[in-house]
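Student: Sequence and predicted structure are below.
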Amino acid sequence: MPLFELPDIVDEHRKIIHVDMDAFYASVEERNHPAFQQKALVIAPDPRKHNGHGVITTANYRARQYGVGSAMPAIRALELIPAEQLQFIDPNFTLYRQVSQQIHQIFATVTDLWEPVALDEAYLDVTHNHLAVTNPAQLAMIIQRTIHRGLQLTCSVGISYNKFLAKMASDYAKPFGRTIVNGDQARNFLAEMPLSKFQGIGAATQKKLAAMNLTTGADLQAVPIDVLTQKLGKMGYIIYQRARGIDDRLVKAQRQSKSIGNERSFNRPIFSDEQVEQQLLKMTNQVAKTLKTKNLHGQTVVLKVRTLDFVTYTRRKTLTQFTNDPQIILPVVQELFTELALNQQPLRLLGVTMTNLVSQAFQEINLFEEDNDEYFR
């Protein structure tokens, strides 16, 4: 009998998507250089030019068919891939970071709860989301389609009720896959997996488990918790939970500005319509410029006005669309000011603010348009 046993408490209320870009660095290079698509592309310095030195960052799927993968010595690619098929290219991390930021902007249009793991992968908690879509599989498809149409890149997605299972699911069907693991499927899904594919089980822990004749999820599920904790300590407890589909880690939200504003106090109060219009124009343009710099757009316009006798008025209007266009924002600001009917009272302060912000997506992409892409049929 085990020394102690814990009840398996599985929290299935969350909806988590793990997005993993397919051969990200290589795919970006293939997109920018279509000729590379016909090559076994290896992202690494050419070892023939560096005295045999260099490590592979990643490789495209054609190169992977030859057994080439990340973290291998670059010279190994020369041994495995025919010379006429092989193409080396130095990694361009500045470019990859730029593309990663564009992908992150798409995530932010779906949910505020998204957590990047690396340039090419992230977790999204879509339990509550900006698109008001309750089906996480539909959201996953929208994300894949938006990235594909906007950036000409593909990703694989895993959908489940926690981060561990979502990550395992995204690895299950690559490239361009979409895998769902529900609560009643989790144990069977994990049972058939080799422990080498379990997220968080490194080479050293795999050796310890192999010494216990544990090589699959099913093997792990059969071991009492006290045995695992005696052998592996805290890691044993975590592995015990993961093998049963338990993972309570939260998706850590990215910090984002709640509002962007510009206001000014006047030492000499202003009162003429011309002065007010000039100030509102300057403030609106500054707010719009800041929004664009931060890749944000907002939906609610806020006007703040303070009179000579220190009476402060705040008025706001929510638009039917998100924007960072000053030509859209300014008429709303002017409308709000007109509605105050201050009749040229001297003013001590004016302020223009945009709230209800989200990251700016690709405006030309309609997330809900009719799907005619053969990839999604």
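Tutor: That came in fine, so what should we check first?
Student: how close does residue 292 get to residue 219?
Tutor: Distance, residue 292 to residue 219, by Cβ to Cβ, to the nearest Å: 55 Å. In this view, the C-beta of every residue, glycine as well, is placed from N, C-alpha and C.
Student: and the two? which has more neighbours close in?
Tutor: When neighbours are counted by other Cβ atoms under 10 Å, residue 292 and residue 219 differ, and residue 219 comes out ahead with 17 against 14.
Student: got a pLDDT number for the more buried one?
Tutor: As predicted, residue 219 sits at a pLDDT of 96.
Student: Please apply the same query to the one 10 residues further on.
Tutor: We have a pLDDT of 93 for residue 229.
Student: Neighbours of it, how many?
Tutor: For residue 229, using other Cβ under 10 Å, the count is 18.
Student: The nearest residue to residue 223 once chain neighbours are set aside in helix, strand or coil?
Tutor: Closest residue in space to residue 223, ignoring its immediate chain neighbours: residue 214 at 6.6 Å, by Cβ to Cβ, 6 or more residues apart in numbering. Secondary structure assignment for residue 214 (DSSP: H, G, I helix; E, B strand; the rest coil): coil.
Student: Tell me the confidence at residue 214?
Tutor: 95.
Student: Looks like residue 39 contacts residue 85 (just checking).
Tutor: Yes: between residue 39 and residue 85 there is a contact under Cβ atoms under 8 Å: 6.2 Å.
Student: Quick check: neighbours shared by the two?
Tutor: residue 62 (Cβ atoms under 8 Å, 6 or more residues apart in numbering).
Student: quick one: which of these two has more around it?
Tutor: Higher neighbour count among residue 39 and residue 85: residue 39, with 19 against 13, using other Cβ under 10 Å.
Student: Can you give the domain ranges for the chain?
Tutor: Domain segmentation of the chain under automatic domain parsing yields 24-91, 190-247, 259-357.
Student: End to end on the second one, go ahead and measure it.
Tutor: Distance between the two ends of domain 190-247: 13 Å, counting by Cα to Cα, to the nearest Å.
Student: Hmm, residue 296 and residue 357 touching each other?
Tutor: Yes: using Cβ under 8 Å, residue 357 is in contact with residue 296, at 4.9 Å.
Student: distance of residue 275 from residue 341?
Tutor: 17 Å.
Student: Please say which of those two ends up with more neighbours.
Tutor: Ranked by neighbour count (other Cβ under 10 Å), residue 275 and residue 341 place residue 275 first, with 15 against 7.
Student: mind listing what's buried in the helix or strand harbouring the more buried one?
Tutor: Element membership of residue 275 [criterion: DSSP states H and E] is helix 273-293. For helix 273-293, burial by neighbour count (16 or more other Cβ atoms under 10 Å) applies to 276, 279, 280, 283, 284, 285, 286, 287, 288, 290, 291.
Student: what packs against that helix?
Tutor: Other helices and strands packing on helix 273-293, by 3 or more Cβ pairs under 8 Å, 6 or more residues apart in numbering; DSSP states H and E, are strand 259-270, helix 326-340, strand 347-359.
Student: most packed of these?
Tutor: strand 347-359 (a mean of 21; mean count of other Cβ atoms under 10 Å).
Student: Remind me what it packs against, helices and strands.
Tutor: By 3+ Cβ pairs under 8 Å, 6+ apart, strand 347-359 packs against helix 93-110, strand 259-270, helix 273-293, strand 296-307, strand 312-323, helix 326-340.
Student: Format these as TSV; extra columns: distance to residue 228 and mean pLDDT.
Tutor: Shown next, in TSV, are these (distance: least, Cβ to Cβ, whole Å; pLDDT from 0 to 100):
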stretch	distance to residue 228	mean pLDDT
helix 93-110	35	91
strand 259-270	49	92
helix 273-293	51	94
strand 296-307	46	92
strand 312-323	49	91
helix 326-340	58	95
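Student: can you pull the contacts of residue 334?
Tutor: Here residue 334 is in contact with 277, 280 (Cβ under 8 Å, 6+ apart).
Student: Next one: it relative to residue 325, how far apart?
Tutor: From residue 334 to residue 325 the distance is 15 Å (Cβ to Cβ).
Student: ok so, going back, will you turn the helices and strands packed on strand 347-359 into TSV that also has distance to residue 347?
Tutor: Formatted as TSV, the helices and strands packed on strand 347-359 follow (distance: least, Cβ to Cβ, whole Å):
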stretch	distance to residue 347
helix 93-110	36
strand 259-270	5
helix 273-293	7
strand 296-307	6
strand 312-323	10
helix 326-340	10
